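Participant: Sequence first, then the predicted structure, then my questions.
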Amino acid sequence: MASVTSNIVFDDIFTISDIDKEGKKFDRVSRLYAHSKNYEMDLTLDYNVELLPLQKDQSFALALASSLARGNAGGGGGANAIEDAEDKDRDVWRPDGKGTRGLEDDYDYVMYGKVYKFDGGTAEIVTAYASFGGLLMSLTGSFRHMTNIVLGDPVYLLMRR
């Protein structure tokens, strides 16, 4: 579960170690390889280079969130709390700009997808895989830093330089 004050389930600062090391396969998509500063995580991520141009050795902030709503979308309890949470998430992001301002305002690049696989690796190290409309992400590191990432759950990926 996300913390009481946030829908962010993971965040860290990453430094890009390589981009397209196996060659460029698509015109507007690159695959970056990065390592995090705080949690010692390894990230492989496909991203749109036109929307977010990045370079080797550049650092960026990455967050994974269960919702774009600021604060915790959950409430007290009961049926009304579920309806309140749904209302709170409604129109968080709209292309016409008339929705409630959410986490996306704090970031340069946002993708929506789903966590589709977890690999156990060793007892300590796990890998979470997510797909964002065909753009893939793998995040590898200590299971302790990924306890809030849930298999099958939708997830927002947010990045800023």
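Facilitator: Arrived safely, thanks for sending. Numbers count the residues shown, from 1 in each chain.
Participant: and after the one helix or strand in the chain whose mean pLDDT sits lowest, which helix or strand comes next?
Facilitator: Ranking every helix and strand in the chain by mean pLDDT, DSSP states H and E puts helix 78-89 at the bottom, with a mean of 49. With elements assigned by DSSP states H and E, the helix or strand that comes after helix 78-89 is strand 109-119.
Participant: Only the buried residues of that next one, if you could.
Facilitator: 109-111, 113, 115, 118 (16 or more other Cβ atoms under 10 Å). C-beta here means a position set from N, CA and C on the backbone, and glycine is covered the same way.
Participant: quick one: which of the residues you listed is nearest to Pro154?
Facilitator: Gly113 (7.2 Å; Cβ to Cβ).
Participant: give the contact list for the closest one.
Facilitator: Residues counted as contacts of Gly113 (Cβ atoms under 8 Å, 6 or more residues apart in numbering) are 130-133, 135, 137, 154-155, 157.
Participant: That one pairs with what?
Facilitator: Val155 (DSSP bridges).
Participant: So it versus Tyr107, what's the distance?
Facilitator: For Gly113, the distance to Tyr107 (Cβ to Cβ, to the nearest Å) stands at 15 Å.
Participant: can you check Gly134 too?
Facilitator: 21 Å.
Participant: who's more crowded, the two?
Facilitator: Using other Cβ atoms under 10 Å, the more surrounded residue of Gly134 and Tyr107 is Tyr107, with 20 against 9.
Participant: thinking again about what came up before, what's the closest of the buried residues of strand 109-119 to Gly102?
Facilitator: For the buried residues of strand 109-119, the nearest to Gly102 is Val110 (9.5 Å; Cβ to Cβ).
Participant: Retrieve the pLDDT associated with the closest one.
Facilitator: You'll see Val110 listed with a pLDDT of 96.
Participant: show me the contacts for it.
Facilitator: 68, 93, 104, 156-159.
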